[in-house]
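Enquirer: 3D model of this:
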Amino acid sequence: MFTNKRVILFVVWLIVISFVLSTIPGIVVSADTTTQLTNSANVKTIQEEDWNTITISAAGDVTMGRDALTSYYYTFDHEVEVQNKDYSYFMKNVKPIFENDDLTIVNLEGPLTSAALMAEKQFRFKGEAAYTEVLKQGSIEAVNLANNHMFDYLDQGYWDTVSNLSEASVGYFGFEHKYLTEVRGIKIGMLGFAGWDSSKQRKETIKKAVDALKEQGANLIIVSFHWGEERKYLPNQIQKQLGRYCIDIGVDLVLGHHPHVIQGIETYKGKSIVYSLGNFCFGGNKNPSDKDAYIYQHSFSFKDLQQKIAIIISPHRCKALKRHGS
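Expert: Sure, this is the predicted structure:
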């Protein structure tokens, strides 16, 4: 897929398959509330039969930048320099997919900040504020913040990221932030959580947030979890418990990430739990041993209450999904 060997070394693993669907929303972000409210712009002609169909694309971990102790060469930062700051380069092969859906979601694995004070931990990621252009030019509308690297540069790094995303009109959710957008009259709400336990307190926190989105009129609710065990190909019991609990309380789609490898997709009560999407545009490791990844795409019809699922993956990766239980 890549023509430049340096890209292979620092690993921005993208997937290319043509897939034509409906439209994308124009985003207006309100950063001064815990719930972002957005309005959609009808930028394409919608066929009448597709008017009530909302298509969501989801991909895995996006780490733009590098670890503090990693040598510069062949990292994400180095590739930005090689590409002369052409931020469209990183998503150019998947943009045709993302710009023809209604909403694209990824996990933003690391802050976008100029902060210097770091957390004391093994791996600490950060990228520049300008990297929001990678998201914008790749037609990614919303990112999850609730993960174990968002505070790598402490509170300043986190709030810098919120500010930078807001300034770039990229939606965000996770921790205390909810995200509510409207597409052709359908309100879509998003939440993000760290899913390290399935305790009563954790479930109460999730239910309270889900109920708040319902009260705000959300017609479709998506929950994104950072959970599971790294490099494990099967979900653990905590993942299963939290994922199913979300469906039980009215969530329409559950998305997962953190293992850095793909895991299976479960259909529970007619709804999907995507346990792990793997790495996607990942500058956190120059050459991970497992490079399998996919884009999960889900279409919801609000006219006849039907659902349609598509797994978008490179042809040579098809066996991986079968191996991991999908």
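Enquirer: Retrieve the pLDDT associated with V143.
Expert: With respect to pLDDT, V143 scores 98.
Enquirer: how many other residues sit next to it?
Expert: Residues near V143, counting by other CB atoms under 10 Å, number 25. Yep, even glycine has a C-beta here, placed from its N, CA and C like the rest.
Enquirer: same thing with L117?
Expert: 9.
Enquirer: And it, how close does it get to F123?
Expert: 16 Å (CB to CB, to the nearest Å).
Enquirer: Grab the nearest non-local neighbour of R231.
Expert: V261 (5.7 Å; CB to CB, 6 or more residues apart in numbering).
Enquirer: Relative to E182, how far out is that neighbour?
Expert: V261 is 35 Å from E182, by CB to CB.
Enquirer: And these two? Which one has more around it.
Expert: Each of V261 and E182 has its neighbours counted (other CB under 10 Å); V261 has more, 24 against 16.
Enquirer: residue contacts, the more buried one?
Expert: R231, K232, Y233, S276, G278, D290, D292, H324 (CB atoms under 8 Å, 6 or more residues apart in numbering).
Enquirer: For these, work out which two are farthest apart.
Expert: Distance extremes for the contacts of V261: the farthest pair is K232 and D292 at 13.5 Å, using CB to CB.
Enquirer: Who has more neighbours out of these two?
Expert: When neighbours are counted by other CB under 10 Å, K232 and D292 differ, and D292 comes out ahead with 20 against 16.
Enquirer: Can I take it that the more buried one is in a strand?
Expert: No: remark: D292 does not belong to a strand; assigned using DSSP: H, G, I helix; E, B strand; the rest coil, it is coil.
Enquirer: surely it meets I262?
Expert: Yes: D292 lies in contact with I262 (CB atoms under 8 Å); the separation is 5.2 Å.
Enquirer: Report the secondary structure state of A58.
Expert: Here A58 is recorded as strand under three-state DSSP.
Enquirer: what's across from it in the sheet?
Expert: Beta bridges link A58 to I105, Y296 when assigned by DSSP bridges.
Enquirer: what sits against it?
Expert: Counted by CB under 8 Å, 6+ apart, A58 has contacts T104, I105, V106, L255, V274, L277, I295, Y296, Q297, H298.
Enquirer: Who does L220 form a beta bridge with?
Expert: I188.
Enquirer: how near is the most centrally placed residue in the chain to A115?
Expert: The chain has V106 as the residue nearest its centroid, 1.4 Å off, counting by CA atoms, centre = their mean. Distance, V106 to A115, by CB to CB: 22 Å.
Enquirer: next one: E81
Expert: 21 Å.
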